[in-house]
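Enquirer: sequence plus predicted model, see below.
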There are 4 protein chains.
Amino acid sequence: MKNSFGNSVAVTLFGESHGAQIGIVIDGLAPGIEIDHDFISSQLSLRRPHGSISTSRREADEYSIVSGVFEGKTTGTPVCILIPNCDTRSNDYASTRSLARPGHADYTANCKYHGFEDYRGGGHFSGRITAPLVAAGAIAIGALAQKGIHIGTHIKKCAGICDRSFDDINDDISALSTMDFAVLDSDAANRMKDAIVAAAKDGDSVGGVLETAITGVDAGVGEPWFDSVESQLAHILFSVPAIKGVEFGLGFDFSDKKGSEANDAFCMANGKVVTATNNNGGINGGITNGMPIVFSCAVKPTPSIYKTQNTVDFINEVDAQLSLSGRHDPAIIHRARVVVDSVSSLVLCDMLAMRYGTDWLRG
Amino acid sequence: MKNSFGNSVAVTLFGESHGAQIGIVIDGLAPGIEIDHDFISSQLSLRRPHGSISTSRREADEYSIVSGVFEGKTTGTPVCILIPNCDTRSNDYASTRSLARPGHADYTANCKYHGFEDYRGGGHFSGRITAPLVAAGAIAIGALAQKGIHIGTHIKKCAGICDRSFDDINDDISALSTMDFAVLDSDAANRMKDAIVAAAKDGDSVGGVLETAITGVDAGVGEPWFDSVESQLAHILFSVPAIKGVEFGLGFDFSDKKGSEANDAFCMANGKVVTATNNNGGINGGITNGMPIVFSCAVKPTPSIYKTQNTVDFINEVDAQLSLSGRHDPAIIHRARVVVDSVSSLVLCDMLAMRYGTDWLRG
Amino acid sequence: MKNSFGNSVAVTLFGESHGAQIGIVIDGLAPGIEIDHDFISSQLSLRRPHGSISTSRREADEYSIVSGVFEGKTTGTPVCILIPNCDTRSNDYASTRSLARPGHADYTANCKYHGFEDYRGGGHFSGRITAPLVAAGAIAIGALAQKGIHIGTHIKKCAGICDRSFDDINDDISALSTMDFAVLDSDAANRMKDAIVAAAKDGDSVGGVLETAITGVDAGVGEPWFDSVESQLAHILFSVPAIKGVEFGLGFDFSDKKGSEANDAFCMANGKVVTATNNNGGINGGITNGMPIVFSCAVKPTPSIYKTQNTVDFINEVDAQLSLSGRHDPAIIHRARVVVDSVSSLVLCDMLAMRYGTDWLRG
Amino acid sequence: MKNSFGNSVAVTLFGESHGAQIGIVIDGLAPGIEIDHDFISSQLSLRRPHGSISTSRREADEYSIVSGVFEGKTTGTPVCILIPNCDTRSNDYASTRSLARPGHADYTANCKYHGFEDYRGGGHFSGRITAPLVAAGAIAIGALAQKGIHIGTHIKKCAGICDRSFDDINDDISALSTMDFAVLDSDAANRMKDAIVAAAKDGDSVGGVLETAITGVDAGVGEPWFDSVESQLAHILFSVPAIKGVEFGLGFDFSDKKGSEANDAFCMANGKVVTATNNNGGINGGITNGMPIVFSCAVKPTPSIYKTQNTVDFINEVDAQLSLSGRHDPAIIHRARVVVDSVSSLVLCDMLAMRYGTDWLRG
């Protein structure tokens, strides 16, 4: 299914950037999970644009949950979350309707939907549609935390500036959970923000790499072959707009290693099987080995920039130039990290429910 | 479903390294596709180990197609391909049954299957199970070629040595199709082989990066969000053992680019919309834009090495040392490339059948 | 997926009888399908209770479409339809919360959801949740009509009173489309209504059988085995509350026939292959043969009756008696027929999109 | 997926009546389930034709399990079962290749597969393909029995002759498990057999109704709406060739009942919630209520009869007459009952694994 994903716990996504409402249905959540509205709001706030490093479009994201929750807890039936679009300036888009923004989905949407697509603000392709994913993800993150499973993502690299690596992962996850700009090294954080502001002044944008860690998942979750943990995580991660690369553990750095350097030696620690290193990112043969699950995502620079660009008018089929108005982000990596946490947690709930049954996730 | 993947065209995989037979069912192929046994055999041969750069296990891979083909053509009903296991030395494994090979699935399989797994030679987790994927992929590759869609993969990097980039993609794909060792620059090829042989002598192994290009897919294929072309390709690519990273177009190199450098400007060429660069690897917003689809896969060094390694005896739960016997590859990247072509073609058949209907793929 | 159904065209259902909103997401509809609000409203009106033969709960069903429609036409992205609940009297249910209504889902919901279910008015199990299915079905029915495919359902039997059989199917479908109480023989209609009113006076309820015909589907749609037309239709039909039997063509009457009586002889008519009879209901081997698709559904009497019934208090685990208040239907068969048309049309859109591609359904 | 069914436990079916091999892949079975070859053989024997009431085609059904079983137990990875076709007389079919057998899939297969279908003996549409389903079902039935879940099917009606109803269901299931001709009343059994033999002499065939009971499933299994127990069972039951009707509990007899007669009163018995009657067949709101699951299937008379029939030559598009040779059954109902037990058990394993997790089914 196209806009649905998951088996036992599944999400269905809908909405357009300038439509009436955007939203999500989460099906298969265990009954009895407490809904923490403060946490949902704070997660949505992490995704929302702030200050000079983000677009000036300001949406309140006043979500409502219209089904599947009763007396403050999940019922076990589908949870539908709605978020209205309020701060839309649809007229910004009419004049450039047929000018394909380079790097964006305008042209491909037109090829696929034959001109019937809602083109305003990227329509269904807009990053705005990640807001309901974040609201849904907040419920998943909260439920997993009750079971001792924690997730955190930092900006490993932005505009060529690197953060420090994960150190004590649980401490780092805890620290990240309260950061607006998720960088572990505060000096690197400042330099990244400066670089984003500089790009914005230039009418340009920057990209980066996000790194995520998940702790507390027991060994034995996932499947060989098509439902490997890597396959399922990558499937949903590549759904997130602007993510163009996903790697687990050493990922592409494996290519320069020998087997003897890359293999994670097993050893006993406190009566438990662990590995001395975690180059495989907690996954062997598609299945969790009990170590933290670690992966990175490449986030491309926001395609909507203010610099004049060469493009085509795809309706008239002629070369053209595009000077964007509208409101756009000079970087989305700091906003994308909570999306990565959210989709990862949703797919993790699904894998755990498949393994342990539909009631397992109850608080 | 765990060992099945696809919607309109789907595969189901089964078998163990030392079981009686391994195989695959391909369902949903259009009727009337000609079966080219020479091509299937030659593709299987590309996957098979050869010479000093591969394991000494030698399987004839004498596949048989037991259903879904009648008078040399697909019927439209499920095609089951079987490959017997012949050259097995199962006793190689009994003595090390409870010693987890670092980097391999022995320990996680045990956690998941509670000791009931067939541990011999990696069982269902063995790279050997890719043989039926290659046989199935050969049918898909042949059918796509009839429709003007071509695929090719080269070893972009191995043991730190780099191949040249794709140049004229169609010429390169054509050249790669007849190469045993898929490297475009013959000098780089020789140096890579030397490095593999050197690692083998050392009882060690090497990894690398594969790069794949697909030409001839029209704009408009794929979906936004969960069924993006990236999501679907990554899902099946991460099923392939040893693949730990997948990136599209510039992938992780996007992180060092500005939007103005990264965006692919559209322009008209011969009355067709194309892009001046292809940093996005032929995909915008999850949907093909008509340019070649280009992606890379990180392949980790083979985890089964001869060097003595620290590990645990997971049955007795004690630290241990492992000195492997058995027959293992010092590199699998040269054998994996045909697997990548195969799984990519299978998922592409599925996406095209979803878009254009079940009869579209007919020759 | 639990509350989602379909492959290329799929629906996801959410909501509770006394929650804030109920709704549906339809994904995969071709772009460019015109939305006929009058038709959606009139279909919802057919489902809505009227007069003395229905519950006194009166919902306006003022639906809104919040995504997937732009300038009056489908965009190709998910269509979300919302319907608010207005006329709820939730207090009717609190006093009988732990008394299982015989024949209803109160007890099983409690077993499944451990007491977290929204019990008011049947919660997610309520027949009210069919309203969004009808709204979605109206779009499907309209799109199919543009392609020459028509559907109609009549009450074949109610309270032991039989309607006449289908005669000229296209004329009958046309006549049914404007009937509030879908019975072809007006005399039978009156007697059925009298029987419903009599049951209502008695605090009781009645059931019946619905018969559906679909014309205009070409031969060759559907699959052998698990995706047979019968399997897919039955799957979604058995989702409709109160449907406890589904049969195709002669169905259970096949059991008294010889093969020579039951087989539908093929013959040529106007250069087309047809069958002289249609005992198989237009389906052979799971695949359409070009004749009208004909099936019947058994609808059980509404379980919510006013007569005092023996039951249990499932929280205190003691025998109990139940005298229902609340507002309930003495029959739902006349309201269920538009639900049957709706779900059948939705699954038909899916089968056709799978066969002919995602663009086929365009008007 | 077309020839695959199930979520956590799934089957994939392949093969043709006169192809090399037919078979099935069962994925998702818990590890550690003991394989009882005697039981598999005896179940296959129940499906096999015997004596004068069946076709004279005699297949040994010497199945082999080529994957997913190690040291006599399931490993947890896909189990592939193969059955060779031995007693084929393919020439029986060449002369009537283009003559559509009334009631059979010859014409619809041709419409769907454009003439590329393997037409010999019904190809992929043949009832022979149920043999692997029975072998797979035997594993499922055995595993369920270990968990206290038992299934049995009797011929409720054949050629107009009725069996007695279920009485003590567990005793009846036990009695049925050893019967070749599954009729509870031995007098009725004899009369049914006589009727079948008489039909055979006449070159004709008969149909009937099968009734199935499943005991030992706890309350709370299944889902509201699209994954209701009825929906999932009906989906797979309608996959079985010749089944044209499915009803749960009273089914079509509900249409003549009042709510007060049809509702199953709850009561306490030995500290457990039960129902006084079981008109709903153990399912309320799509979810099991702990009572036996009871359903009936209408089986149409075998379409392949020896009497001369009117038909068309669909290649030359002219009217024609058909006098079948080949070997055919005068009734298949007595052979179909083990197929019904098998597919029902497979889908039940899936529902239970979804609810309780992948390890639940372990012996």
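Expert: That came through, no problem.
Enquirer: mind checking the SS state of residue A:116?
Expert: State at residue A:116, reduced to three classes by DSSP: H, G, I helix; E, B strand; the rest coil: coil.
Enquirer: tell me the contacts of it?
Expert: Residue A:116 makes contacts with C:31, C:32, C:70, C:73, C:74, C:75, C:76, as judged by C-beta atoms under 8 Å, 6 or more residues apart in numbering or on different chains. No exception for glycine: its C-beta is placed from N, CA and C like everyone else's.
Enquirer: so can I have CSV of those showing secondary structure?
Expert: As requested, the contacts of residue A:116 are exported to CSV (three-state DSSP):
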residue, secondary structure
C:31, coil
C:32, coil
C:70, strand
C:73, strand
C:74, strand
C:75, coil
C:76, coil
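Enquirer: closest one to chain B out of those residues, please.
Expert: Distance from chain B was checked for each of those by C-beta to the nearest C-beta. The minimum falls on residue C:76, at 9.6 Å.
Enquirer: rewinding a little: if you rank the contacts of residue A:116 by neighbours, which is first?
Expert: Note: the member of those with the most neighbours is residue C:76, at 30 neighbours, neighbours being other C-beta atoms under 10 Å in any protein chain shown.
Enquirer: name all residues that make contact with the nearest residue to that residue once chain neighbours are set aside.
Expert: Across the structure, with C-beta to C-beta, 6 or more residues apart in numbering or on different chains as the measure, the residue nearest residue C:76 apart from its sequence neighbours is residue C:31 (3.4 Å). Residue C:31 makes contact with A:112, A:113, A:114, A:116, A:117, C:73, C:74, C:75, C:76, C:359, C:362, according to C-beta under 8 Å, 6+ apart.
Enquirer: farthest-separated two in the residues you listed?
Expert: In terms of C-beta to C-beta, those reach their longest pairwise distance at A:112 and C:73, which sit 14.9 Å apart.
Enquirer: quick one on the thing from earlier: for the contacts of residue A:116, give me a markdown table that also has pLDDT.
Expert: Compiled in a markdown table, the contacts of residue A:116 are given as follows (pLDDT from 0 to 100):
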| residue | pLDDT |
| --- | --- |
| C:31 | 98 |
| C:32 | 97 |
| C:70 | 97 |
| C:73 | 98 |
| C:74 | 98 |
| C:75 | 98 |
| C:76 | 98 |
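Enquirer: from residue A:325, how far out is the residue lying closest to residue A:207 once chain neighbours are set aside?
Expert: Of all residues beyond its chain neighbours, the one nearest residue A:207 is residue A:301 (4.0 Å), with distances taken as C-beta to C-beta, 6+ apart. Distance of residue A:301 to residue A:325, computed by C-beta to C-beta, to the nearest Å: 19 Å.
Enquirer: looking at the two, which one has more neighbours?
Expert: Neighbours were tallied for residue A:301 and for residue A:325 using other C-beta under 10 Å; the higher tally belongs to residue A:301 (31 against 12).
Enquirer: so the more buried one makes contact with residue B:258?
Expert: Yes. Judged on C-beta atoms under 8 Å, residue A:301 makes contact with residue B:258 at a distance of 5.9 Å.
Enquirer: which neighbours do those two share?
Expert: Among the neighbours of residue A:301, those also in contact with residue B:258 (C-beta under 8 Å, 6+ apart) are A:204, A:205, A:206.
Enquirer: filter the residues you listed down to the ones near chain D?
Expert: The subset of the shared contacts of residue A:301 and residue B:258 within reach of chain D, by C-beta under 8 Å from any C-beta of the partner chain, is empty.
Enquirer: nearest to chain D, of those?
Expert: Set against chain D, the nearest of the shared contacts of residue A:301 and residue B:258 by C-beta to the nearest C-beta is residue A:205 (41.1 Å).
Enquirer: leaving out sequence neighbours, find the closest residue to the closest one.
Expert: The nearest residue in space to residue A:205 (C-beta to C-beta, 6+ apart) is residue B:259, at 3.5 Å.
Enquirer: so, in contact with chain B or not, the lowest-mean-pLDDT helix or strand in chain A?
Expert: Of all the helices and strands that make up chain A, the one with the lowest confidence by mean pLDDT, DSSP states H and E is helix A:91-94; it has a mean of 72. No. Contact between helix A:91-94 and chain B, assessed by C-beta under 8 Å from any C-beta, is absent, since the two come no nearer than 15.5 Å.
Enquirer: ok, stretch A:216-230 next?
Expert: Yes. Judged by C-beta under 8 Å from any C-beta, stretch A:216-230 comes into contact with chain B at A:218, A:219, A:220, A:221, A:222, A:223, A:224, A:225, A:226, A:227, A:228, A:230.
Enquirer: I figured the fifth one hits residue A:233, correct?
Expert: So that's residue A:222. No. Contact status for residue A:222 versus residue A:233: not in contact, 9.4 Å apart, counting by C-beta under 8 Å.
Enquirer: which residues touch residue A:122?
Expert: Shown here is residue A:122, whose contacts under the criterion C-beta under 8 Å, 6+ apart are A:17, A:104, A:105, A:106, A:128.
Enquirer: how about a cut-off of 10 Å?
Expert: Applying C-beta atoms under 10 Å, 6 or more residues apart in numbering or on different chains, we find residue A:122 in contact with A:16-18, A:93, A:101, A:104-106, A:109, A:128-129, A:241, A:303-304, A:326, B:224, B:285.
Enquirer: ok, now residue A:104?
Expert: With contacts defined as C-beta under 10 Å, 6+ apart, residue A:104 is in contact with A:122, A:125-126, A:241, A:302-304, A:311, A:324, B:263, B:280, B:284-285.
Enquirer: related to what we said a few turns ago, may I see the shared contacts of residue A:301 and residue B:258 arranged in CSV, with pLDDT as well?
Expert: Conversion of the shared contacts of residue A:301 and residue B:258 to CSV gives the following (pLDDT from 0 to 100):
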residue, pLDDT
A:204, 96
A:205, 97
A:206, 97
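Enquirer: quick one: which of those residues is nearest chain C?
Expert: Minimum separation from chain C among those (C-beta to the nearest C-beta) is found for residue A:205, which lies at 25.4 Å.
Enquirer: most proximal residue of the stretch 201-350 of chain A with respect to chain C?
Expert: Shortest the stretch 201-350 of chain A-to-chain C distance, computed as C-beta to the nearest C-beta: residue-wise this is residue A:350, at 10.2 Å.
Enquirer: where does the prediction get shaky in the stretch 251-363 of chain A?
Expert: For the stretch 251-363 of chain A, the stretches with pLDDT under 70 are A:363.
Enquirer: and chain A, which residues reach chain D?
Expert: For chain A, the residues found near chain D under the criterion C-beta under 10 Å from any C-beta of the partner chain are A:7-8, A:27-28, A:76-78, A:220, A:223-225, A:227, A:352-360.
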